[in-house]
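K.L.:
Got a sequence here, can you build the structure:
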Amino acid sequence: MTLTYQARLAQSQLTAISRQLEHKADSSVRHKCFLSYHAVDAEEVLAFVESFGDYFIPRAIGVSEDDPVIDSEDNDYIMDRIRSKYLANSTVTIVMVGKCTWARKFVDWEIYSSLRRGKVNRLNGLMAIQLPSGRDANAALPPRMQDNVVRENSRDIGYGRYYTYPTRGGTLQNWIQDAFDARNTRNHLIDNTRARKKINSSCP
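P.N.:
The predicted structure follows:
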């Protein structure tokens, strides 16, 4: 989709704030978190980073239509490139869930790469947060995220967690720590078997 000027501006601001927070001197433990989101929700994600950026180190630049990697048919190459170029040294992926996040193929790719181990890839913790607009729209989770929140026909709770919008920074920090720890404690629950999403779905 073509981004509106407003969404592009919000993404630019989000990038600048993320870089500032990443280099902030802080003695507390702040995990590096990759934020996966639909571009139309950039302003809400920006507000989230402005409110809670003291509790994690945000990395918020994701795959876009401008990246030539998307034209490749080599799935391993695409996922390795997403890891090295976008997820980089993050340890937790936070999926920011708005009305149409579930429909965006690049969100699926970012989740896929977060859950994949390989020569370049290392496993990320995984969690999702419902944005205010997502609550209002009763938004669905991206299917791959849903696969990892609850395993069908199983009593096991999945690898990831899905939370409503936080009201306290300390609460968010605890959620992030849980996702970080899950890389070792819940990695046996990962379900990354779904085929990579090829195109964006239609979202009303």
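
K.L.:
CA atoms only for stretch 127-141 - export them in CSV, please.
P.N.:
The C-alpha atoms that make up stretch 127-141 are tabulated as CSV, following Å, rounded to 0.1, in the frame of the first residue of the first chain:
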residue,chain,number,x,y,z
MET,A,127,4.9,-11.2,22.4
ALA,A,128,2.0,-9.1,21.0
ILE,A,129,0.4,-6.0,22.4
GLN,A,130,-3.0,-4.8,21.4
LEU,A,131,-3.0,-1.2,20.2
PRO,A,132,-6.0,1.0,21.2
SER,A,133,-7.3,0.9,17.7
GLY,A,134,-7.0,-2.9,17.7
ARG,A,135,-9.1,-3.1,20.8
ASP,A,136,-11.7,-0.8,19.2
ALA,A,137,-11.8,-2.9,16.1
ASN,A,138,-11.7,-6.3,17.9
ALA,A,139,-8.6,-7.0,15.8
ALA,A,140,-7.4,-10.5,15.0
LEU,A,141,-3.9,-11.6,15.6
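
K.L.:
Not counting it itself, show me its contacts.
P.N.:
41, 44-45, 48, 92-102, 145-146, 149, 160-166, 175-176, 178-179 (C-beta atoms under 8 Å, 6 or more residues apart in numbering). Any C-beta I mention is one placed from the backbone N, CA and C, and that applies to glycine too.

K.L.:
so for it, what's the average pLDDT?
P.N.:
Stretch 127-141 shows a mean pLDDT of 92.

K.L.:
Of all the residues in it, which ones are buried?
P.N.:
The neighbour-count check on stretch 127-141 (16 or more other C-beta atoms under 10 Å) flags 127, 128, 129, 130, 131, 133, 134, 137, 139, 140, 141 as buried.
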